[in-house]
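In: Sequence plus predicted model, see below.
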Amino acid sequence: MRSHLYSAFILASLASRALAADTNEQLAFFESKIRPVLAQNCFECHSVQAQQNKKLKAGLLLDSKAGVLHGGETGPALVAGKPVESLMMKVLRHEIKGAEMPPKGALPSSVIADFAKWIEMGAPDPRTGSAPVVAHKRVIDVNSGKNWWAFRPLAVPALPKVNNTAWGKTPVDAFILAKQEAKGIAPNAMVAKEQLLRRACFDLTGLPPTESERAAFLQDTSADAYERLIDRLLASKHYGERWGRHWLDVVRFAESNGYEFDAFRAGAYHYRDWVIDALNADMPYDQFIRMQLAGDKLMPGEFDGARATGFLVAGPYPGQITAKTREKIRYDQLDDMVSTIGSGMLGVSMGCVRCHDHKFDPLPQHDYYGFAAALATTVHSPEKIDLNHVETQKQLVKHNAEAAPLVAALKRYEADELPKRFSAWKRDEMPKLASSAPWQIFDVQSATAQKARLTSDRDGHVIYVGNKEKDDTYTIKVITYQKGIRAFRLDALSDPALPRKGPGLSDNGNFVLGDVKIIARPLDKQNKSKPVTLDLAAGAVTFEQKRFEFAQAVDNSPNTGWGVAPQLGKDHAATFAIEGDAAGFDGGTEFEVQLRFSGFFGLGKLRLAFAQDVKTELAAKAEMQSLRELQSLADLKTDSAAMTRWFSRFDPPARKLLAAITEHEKKRPQPLLTEVYTTKQGGEDVYFLRRGEVDRKEGKASPDFIQVLMRSGSADKWTGAPQPKQQPKHPRIALGDWMTDAQQGGGPLLARVIANRVWRFHFGRGIVATPNDLGTQGTPPTHPELLEHLAANLVSGGWKLKPLHREIMLSAAYMQSGATNEANQKLDPDNQLWWHRPASRLEAEAIRDALLVVGGKLDPVMHGPSITDVASPRRSVYLRVKRSELVPFLTMFDAPEPTQSIGDRGSTTVPTQALAVMNSPFVRDMATRFASRVKAATAEETIARAFQLAFCRSPSATETGRLTEYLHAQRQLGSKSPETELCLALLSLNEFIYVD
């Protein structure tokens, strides 16, 4: 696509601004500074000569003023008089990835400055004459595009007739044999039974057969022995691990952000585990896709829904976002999702359509931005999810039903008893308390921290819960029904559970309170007074009956804040007088107290109180035992529940009712939460972007899908307006419905893509050799009718993948040997007709897992957080996938970098692979363990057991003889464990890492 971006280079149009006639000075500037650069760097691809040589790029002619005015196929790239807004300057400065111009390297900064000056002049140009007309824009014919084989509706092809009717075992063979017979090719005979066992085990589980599996299969002479073997392997839990790893390539799965900081995603592994579970359960593939696109909407609040949509956010994402880059990063995130869905699930390349219509496939930009709009409200997020949401909800319903009578009793008390009991208390008891309690403890409504968790109790204590965090802010909401508040008091309380008894959370028990902010709000909803931020005077500290003024006001500075060192492990208090009018509203007041701690950790246990007499308050002693609570309630116009809670300290009936509810609430079912890296509601509207640039918006996009894959004219069938009283369908649910609709939507292509992938992993090459591209630029299918048969059977069979595996693996084509012959080789040198099944190298993960198996070290435990040690006994699918720290042993054997969908890893052969196996501490450890498993009384027995474990076969007489000599030579050389050297040699052979 790079050549097609060349049109973004220089001077697409000057029509946007009509300027006065060019001056001689301006024309001289063009002749000396601009024309030579154009001639040297641009005319090769953007001139009449380039057009005659068929080298013209993007329809842009720069060798005449008329050509400049006419522009290129991508439209205006220059705003005359405004270099900052000109796309030309962005590509000259290499600000647009993939459109850097000139392509051979950036121009000198002085030349770029000349172009900026030239544009600012109005781009004067003395050249005259007309330019040839160039067809700029390819018109996409969507209806014609629907005739492409991959975009057509599914058909059920008839089985072709073959001459050799005895060879085939499943319908697959008819399609394979028909093409072979037409070419005069005969298929291979069946592979040896031991090889077939090894082939099937690695294909379905990624593990070599065990000794018992080998013995049982070889001894089973029944006609359906192989068929039953396939069924057992498909039922194995290791099937999901094997094919889950294949799928993780397709969806670019990793557990970190990538980019320069590459932050780790602690809960990302849940998506990997979901994939394994879904495949093991043979979840229908259409449901498998819908869950990954919208599981969080299909199953809101549920663990499976959350972890399935980990697919959408599995791609790279930068950790550092600024206001300047936020929007661009957001569109890059959407591009990652759209591109992965396109390539990984639908087998069409969507990424380039962000900037322009697809150059080859019938995919206009409208389709790309319709796709992106369906994903618009999807953002990355680690979320706390209940592992058993449904059961928790059932228990909550039961709990709430049992609480209903207790709540009803409290409501009756509030309506019938509270007013008269409070009036009597106010008349008889309150006067006795007023004179003896200058301090009155606040009733705490809520207590939160920015970084951790706070809790409160009925005595007004606020208690810190969780890990210690620096630079935290506590927000505590308290209430009082009393007016005329003149001062606040903060008690820092010691506690044996705190470091050195506190009262701070720092390692020595200290803290630094850097700032105090108090906002007053009316409790009575009828009171329309606005919240007031109180002005606080410089505070004072009282300790052991002595009072100390703050040197300076608390101002978010550790140098002027309040701390208690060196008097640690004791109770302390600080008071703050209110400047100006006294605080409080009729009907009650809620005070929001914000305490900001600087540098040091915050307080572990605290309490808030108030006083009405500022003089009394500032002279008061700080003895904790003298603090008593008093609230003067003026009337009962405010929240009766809050009033009951406060009054219960003085009224036994209220206290008893509240205690019953509190005790029952302690039994409330608690969700078992785990962190899942998934999606959450967020984002914003999506706009059509000219050339994919966020500062060139051209109207809002609405959710839509790929037109060429829709039998009907629009997406209304899937996104249509909801029925009355129905919630509108979420766009991602609609996207999943469209993609899996095998009659009217993208289902036919979806089925073809996955059927081709399954074939590819069984045969080493897909029916379409480009599994991520079934479009016009992909490789044509070698057996289109066979692919159609497999896809149609998949859909008609309820989208189940295991029957698809079964049909392929029970075919005679699959069971062929890998032997070659000269006659067939001449007729079909590339084995396009599958007359033999060539050996294929195991993937990196299967090689490592096979080493663990022969070493007797494989840990079969499934699921859970990833591991980082390559020597771990866990399967390789559970190794951590951190984008900046890929496992060297795996990358050496072509494990890919997970930045985009991988359809085919490829397989390289380099010397470092052999050197790694021979010298790796991990491989040598496995060889030592392997040796301990096979060592026998004689060399022949040792060699036989080693071959059976490593290669699932017995050694030949020649192999036994040569290896017996090798063992003898190792002993002669003084080897401490000749058997280890023998096993290491076997593990270094091609036969160990290849399956034939």
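Out: Everything's here; your move.
In: Is it correct that residue 465 is in contact with residue 451?
Out: No - the pair residue 465 and residue 451 does not pass the contact test of Cβ atoms under 8 Å, sitting 11.8 Å apart. Placement of C-beta: from N, CA and C, glycine included.
In: low-scoring pLDDT stretches of this structure, where are they?
Out: By pLDDT under 70, the weakly predicted segments of the chain are 1-21, 73-77, 97-98, 131, 133-138, 430-438, 538-560, 613-639, 721-725.
In: distance from the centroid: which residue in it tops it?
Out: Residue farthest from the centre of the chain, counting by Cα atoms, centre = their mean, is residue 428 at 64.6 Å.
In: Now do that one against residue 421, distance only.
Out: In this view, residue 428 and residue 421 are 11 Å apart by Cβ to Cβ, to the nearest Å.
In: For residue 388, which non-adjacent residue is spatially closest?
Out: For residue 388, ignoring the flanking residues on the chain, the nearest one in space by Cβ to Cβ, 6 or more residues apart in numbering is residue 672 at 6.2 Å.
In: Please apply the same query to residue 579.
Out: Nearest non-adjacent residue to residue 579, counting by Cβ to Cβ, 6+ apart: residue 535, 4.2 Å away.
In: show me the contacts for the one you found.
Out: Taking Cβ atoms under 8 Å, 6 or more residues apart in numbering, we find residue 535 in contact with 578-580.
In: would you turn these into CSV with secondary structure, neighbour count and distance to residue 338?
Out: As requested, these are exported to CSV (DSSP: H, G, I helix; E, B strand; the rest coil; neighbours: other Cβ atoms under 10 Å; distance: Cβ to Cβ, whole Å):
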residue, secondary structure, neighbour count, distance to residue 338
578, strand, 20, 57
579, coil, 12, 58
580, coil, 9, 58
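In: What is the neighbour count of the residue nearest to residue 388?
Out: Using other Cβ atoms under 10 Å, residue 672 has 13 neighbouring residues.
In: likewise residue 101?
Out: The burial count for residue 101: 24, using other Cβ under 10 Å.
In: With residue 656 instead?
Out: 12.
In: Next, give phi and psi for the residue nearest to residue 579.
Out: Main-chain torsions, residue 535, degrees, to the nearest 10: phi -90, psi 120.
In: most residues in a single helix of this protein, which one?
Out: In the chain, with assignment by DSSP state H, the single longest helix is helix 389-416.
In: list the buried ones in that helix?
Out: Judged by neighbour count (16 or more other Cβ atoms under 10 Å), helix 389-416 contains these buried residues: 389, 392, 395, 403, 406, 410, 413-414.
In: And residue 69, how close does it get to residue 23?
Out: 19 Å.
In: More neighbours: those two, which one.
Out: Counted by other Cβ under 10 Å, residue 69 and residue 23 do not tie: residue 69 has more neighbours, with 16 against 11.
In: How about residue 273: what's its closest non-neighbour residue?
Out: Take residue 273 and drop its neighbours on the chain: the residue closest to it by Cβ to Cβ, 6+ apart is residue 863, 4.5 Å away.
In: what about that neighbour, how many neighbours?
Out: When counting by other Cβ under 10 Å, one arrives at 13 neighbours for residue 863.
In: I figured it hits residue 276, correct?
Out: Yes - with contact defined as Cβ under 8 Å, residue 863 reaches residue 276; the gap is 7.3 Å.
In: For residue 728, give its distance to residue 132.
Out: Counting by Cβ to Cβ, the separation of residue 728 from residue 132 is 52 Å.
In: what does residue 291 give?
Out: 54 Å.
In: ditto for residue 603
Out: Plainly put, residue 603 is 79 Å away from residue 132 if you go by Cβ to Cβ.
In: out of the two, which sits in the more crowded spot?
Out: residue 603 (26 against 13).
In: what's across from that one in the sheet?
Out: Residue 603 forms beta bridges with residue 504, as assigned by DSSP bridges.
In: For it, give me its contacts.
Out: Counted by Cβ under 8 Å, 6+ apart, residue 603 has contacts 464, 474, 492, 502-505, 511, 513, 595, 597.
In: same thing with residue 569?
Out: 494, 500-502, 509.
In: How about it, nearest residue that isn't a chain neighbour?
Out: Using Cβ to Cβ, 6+ apart and skipping residues adjacent in sequence, the residue nearest residue 569 is residue 501, 3.6 Å away.
In: And residue 144, by the same measure?
Out: residue 362 (7.3 Å).
In: Which of the three states applies to the nearest residue to residue 903 once chain neighbours are set aside?
Out: Nearest in space to residue 903, with sequence neighbours left out and distances taken as Cβ to Cβ, 6+ apart, is residue 772 at 3.4 Å. Using DSSP: H, G, I helix; E, B strand; the rest coil, the structure places residue 772 in coil.
In: Confirm for me that residue 772 is in contact with residue 900.
Out: No - between residue 772 and residue 900 there is no contact, the gap being 9.2 Å when judged by Cβ under 8 Å.
In: what about the two, which has more around it?
Out: For residue 772 and residue 900, the more surrounded residue by other Cβ under 10 Å is residue 772, and the numbers stand at 26 against 18.
In: Report the contact partners of the more buried one.
Out: 343-344, 347, 349, 901-904.
In: can we see that at 10 Å?
Out: Residues in contact with residue 772 (Cβ atoms under 10 Å, 6 or more residues apart in numbering) are 250, 340, 342-349, 753, 756-757, 766, 778, 900-904.
In: same thing with residue 116?
Out: By Cβ under 10 Å, 6+ apart, the contact list for residue 116 reads 83-84, 86, 88-89, 92-93.
In: who wins for neighbours among the residues you listed?
Out: Using other Cβ under 10 Å as the neighbour criterion, residue 86 leads those with 25 neighbours.
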